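Asks: Sequence unavailable; structure follows:
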Ligand SMILES: Nc1ncnc2c1ncn2[C@@H]1O[C@H](COP(=O)(O)OP(=O)(O)OP(=O)(O)O)[C@@H](O)[C@H]1O
């Protein structure tokens, strides 16, 4: 359904390439975990898949179309089929949880229905159905600013469940969750995406959970894909390479920056 080939991309708001030569195909209904050290480019990759920013180089194809070669309106139409749960969901603090969840459906709604949803949500049962498996059934009418960090993160995930999208992107969905809750939440995401035939791409710091819950793992190091395959093919050496300090660039990437010789006078 979505295919990246040879993508170089900057982080949101940045100008220099963070992702380098990334090629990746995600099929309809597929579930993929993205792992890699902090700063490896996981968020930048998810933002590319979410059509948040044009790549610097390479080709992105979504359902046979190239969104970045289309007029803005057409790109927005394509984007409506994609739902992204960012690391820190931008939820208006005074909004009720039910409204915050249902707001994820606004791109698919008429103007009148959107306004009704924001004022007095007619689809509250839908929000409740999404919140219940995430353990938030009792928070439906609470204000967002009364939630803990972990609860807020799960509201962000409930938005994925109601979004009516075909590609679900979750950026470190477990960051604010305790270990027991983390496993349950991943299982819910996987199960619900599978039931709806949605593709799921999830960036994770918890390697053990990525390997346990996903049939395919993509590993990034310094903005490059260094592994793409089943979890059983990942060994200790690869994990060590992935999480070794990024300051030690792997041989094929070094040197990105050439040492600048100091003037003689400064060496004395
Ligand atoms: N606005 C920006 N301008 C320039 N560089 C940026 C900008 N935002 C992020 N970066 C850099 O881009 C690189 C990749 O960031 P990204 O957030 O994609 O990594 P990540 O793997 O998701 O990290 P983490 O696990 O810590 O969230 C990092 O080195 C980061 O410092």
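Replies: Arrived safely, thanks for sending. The structure displayed is predicted, hence computed values, not measured ones. Numbering: from 1, shown residues only.
Asks: after the longest helix belonging to the chain comes which helix or strand?
Replies: In the chain, assigned by DSSP state H, the helix with the most residues is helix 179-196. Moving toward the C-terminus from helix 179-196, the next helix or strand (DSSP states H and E) is strand 199-203.
Asks: just how off-centre is the longest helix of the chain within its chain?
Replies: 15 Å (Cα atoms, centre = their mean, to the nearest Å).
Asks: what's the answer for stretch 28-42, then?
Replies: 8 Å.
Asks: ok so, going back, tell me which strands and helices the longest helix of the chain is in contact with?
Replies: Packing partners of helix 179-196 (3 or more Cβ pairs under 8 Å, 6 or more residues apart in numbering; DSSP states H and E): strand 31-35, helix 149-162, strand 167-171, strand 199-203, helix 207-213. Every residue, glycine included, has its C-beta placed from N, CA and C.
Asks: Against residue 140, how distant is the closest residue to residue 98 other than its chain neighbours?
Replies: The spatially closest residue to residue 98, leaving aside those adjacent along the chain, is residue 127, at 4.4 Å (Cβ to Cβ, 6 or more residues apart in numbering). Distance, residue 127 to residue 140, using Cβ to Cβ, to the nearest Å: 6 Å.
Asks: Which pLDDT value goes with the residue in the chain that the ligand sits nearest to?
Replies: Nearest residue of the chain to the ligand: residue 14, at 2.8 Å (Cβ to the nearest ligand atom). Here, the pLDDT recorded for residue 14 equals 91.
Asks: same deal with residue 217?
Replies: The predicted local confidence for residue 217 is 97.
Asks: residues near it, how many?
Replies: Residue 217: 22 surrounding residues under other Cβ atoms under 10 Å.
Asks: One more: residue 205?
Replies: Counted with other Cβ under 10 Å, the neighbours of residue 205 add up to 15.
Asks: from memory it sits against residue 176, does it?
Replies: No - taking contacts as Cβ atoms under 8 Å, residue 205 lies outside contact range of residue 176: 11.7 Å.
Asks: before we move on, back to that, quick check: the residue nearest to residue 98 is in a helix.
Replies: Yes - under DSSP: H, G, I helix; E, B strand; the rest coil, residue 127 sits within a helix.
Asks: mind checking how far it is from residue 141?
Replies: From residue 127 to residue 141 the distance is 10 Å (Cβ to Cβ).
Asks: Mind checking which of those two has more residues around it?
Replies: The neighbour count for residue 127 versus residue 141, taken as other Cβ under 10 Å, is higher for residue 127 (29 against 12).
Asks: Just the pLDDT for the more buried one.
Replies: 93.
Asks: That one and residue 102 touch, don't they?
Replies: Yes - look at residue 127 against residue 102 with Cβ under 8 Å: they come within range, at 5.3 Å.
Asks: who touches the longest helix of the chain?
Replies: Residues from elsewhere that reach helix 179-196 (Cβ atoms under 8 Å, 6 or more residues apart in numbering): 29, 31, 133-135, 150, 154, 157, 160-161, 168, 170, 173-174, 177, 199-200, 202, 206, 209, 212-214.
Asks: How about stretch 226-244?
Replies: 24, 35-37, 40, 207, 210-212, 214-221, 250.
Asks: Just the terminal-to-terminal distance for it.
Replies: 13 Å (Cα to Cα, to the nearest Å).
Asks: I'd like to know which residues of the protein are adjacent to the ligand.
Replies: Within the chain, the residues that sit near the ligand (Cβ under 6 Å from any ligand atom) are 11, 13-14, 18, 36, 38-44.
Asks: Validate this expectation: residue 9 resides in a strand.
Replies: Yes - assessed with three-state DSSP, residue 9 lies in a strand.
Asks: Do you know the pLDDT at it?
Replies: 98.
Asks: thought it was touching residue 18?
Replies: Yes - judged on Cβ under 8 Å, residue 9 makes contact with residue 18 at a distance of 6.4 Å.
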